[in-house]
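# Attaching a predicted model along with its sequence, questions to come.
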Amino acid sequence: MSSSTTPEETRNTEERIRRFLAVASHDLQSPLRHIAMYSEILLEDLEGRISADEKQSLTTILEKVQTAQKLTKALMTFASGTPQAARENVDLTIASETAWSEATAEFPESKAVLAHRGLPELRTDTTLLTAVLKQLFVNAIAHGEREDLRVEVGAVRDGGELVISVADNGRGIDPAHQARIFEAFWKLPKAGRVPGPGLGLTACRELAAALGGTVTIAASSASGSRFEVRLPA
């Protein structure tokens with residue numbers, strides 16, 4: 001939040017986000033349900049008549065739609081002020097790789113690589129955690145501005161919390177802008193960039209809150225940035 005933003009403006013902005021999430025999530029439920037239904041019908045009707053690759057493509061469509069359904073339902077509960085998150089054992093390695101695959105699909109020309117080692121399991125919501133990680137990865141790739149961009153995920157226990165770090169070797173974030181990066185509808189200035197909604201890191205922060213945690217920028221300089229996601233361990 002900028003120092004010039006008043007508490008009333010902040011409340012109004014948050015209310016706008018909640019209304020948007022409620023309407024968008026509700027309206028998406030019907031088309032997502034139909035896509036899932038027709039994907040299941042095609043898989044059943046075409047069984048034995050399509051190649052293994054074609055079957056895998058249909059299966060992937062169904063899985064992605066089911067993930068989107070879970071996410072929109074979670075966003076609806078968040079918009080209502082009563083966020084609900086499923087609790088299950090989540091392999092952080094798998095969640096990171098899934099999120100990375102989804103993030104890099106948005107940047108087909110990127111040569112960025114993901115690194116991780118010895119990531120633990122934790123009890124949390126798979127869909128929401130993957131969405132948090134994906135947004136941090138998207139942010140790193142979009143602003144890294146390096147051909148040899150490397151993003152590394154780590155995790156350490158800190159008392160009753162698991163601290164997940166997402167670090168990159170990109171260009172970093174100007175100190176003058178670091179206080180605003182989680183602000184809704186604000187986007188990092190960059191020459192030639194088409195203005196966007198500026199809700200990525202805002203959504204990331206709110207999804208982390210729905211998991212009972214936080215996401216912050218821990219460090220940023222010309223040699224890279226590091227974000228930390230703190231979740232109940």
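Cool, the structure landed. Residues are numbered from 1 along each chain as shown.
# From here on, just use CA atoms for contacts and neighbour counts.
Fine.
# so where is this structure shaky, pLDDT-wise?
1-7, 9-11, 13-14, 17-18, 20-21, 77-84, 186, 189-199 (pLDDT under 70).
# Please enumerate the helices of it.
7-45, 52-79, 92-104, 126-144, 200-210 (DSSP state H).
# May I see the buried residues of the fourth one?
Neighbour-count burial for helix 126-144 flags 126-138, 140-141, 144 (criterion: 16 or more other CA atoms under 10 Å).
# Show me the one of the helices of the chain that comes nearest Ala233.
With CA to CA as the measure, helix 92-104 is the member of those nearest Ala233 (12.3 Å).
# Mind listing what's buried along the closest one?
Those would be 92-93, 95-97, 99-100, 102-104, for helix 92-104 by 16+ other CA under 10 Å.
# for stretch 222-231, same thing?
Buried residues in stretch 222-231 (16+ other CA under 10 Å): 224-231.
# Can I get the residues you listed in JSON lines including distance to Arg49?
Formatted as JSON lines, the buried residues of stretch 222-231 follow (distance: CA to CA, whole Å):
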{"residue": "Gly224", "distance to Arg49": "50"}
{"residue": "Ser225", "distance to Arg49": "50"}
{"residue": "Arg226", "distance to Arg49": "49"}
{"residue": "Phe227", "distance to Arg49": "47"}
{"residue": "Glu228", "distance to Arg49": "48"}
{"residue": "Val229", "distance to Arg49": "46"}
{"residue": "Arg230", "distance to Arg49": "48"}
{"residue": "Leu231", "distance to Arg49": "46"}
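# Now Ser165: closest residue in space that isn't a chain neighbour?
Closest residue to Ser165 apart from its sequence neighbours, by CA to CA, 6 or more residues apart in numbering: Glu228 at 4.5 Å.
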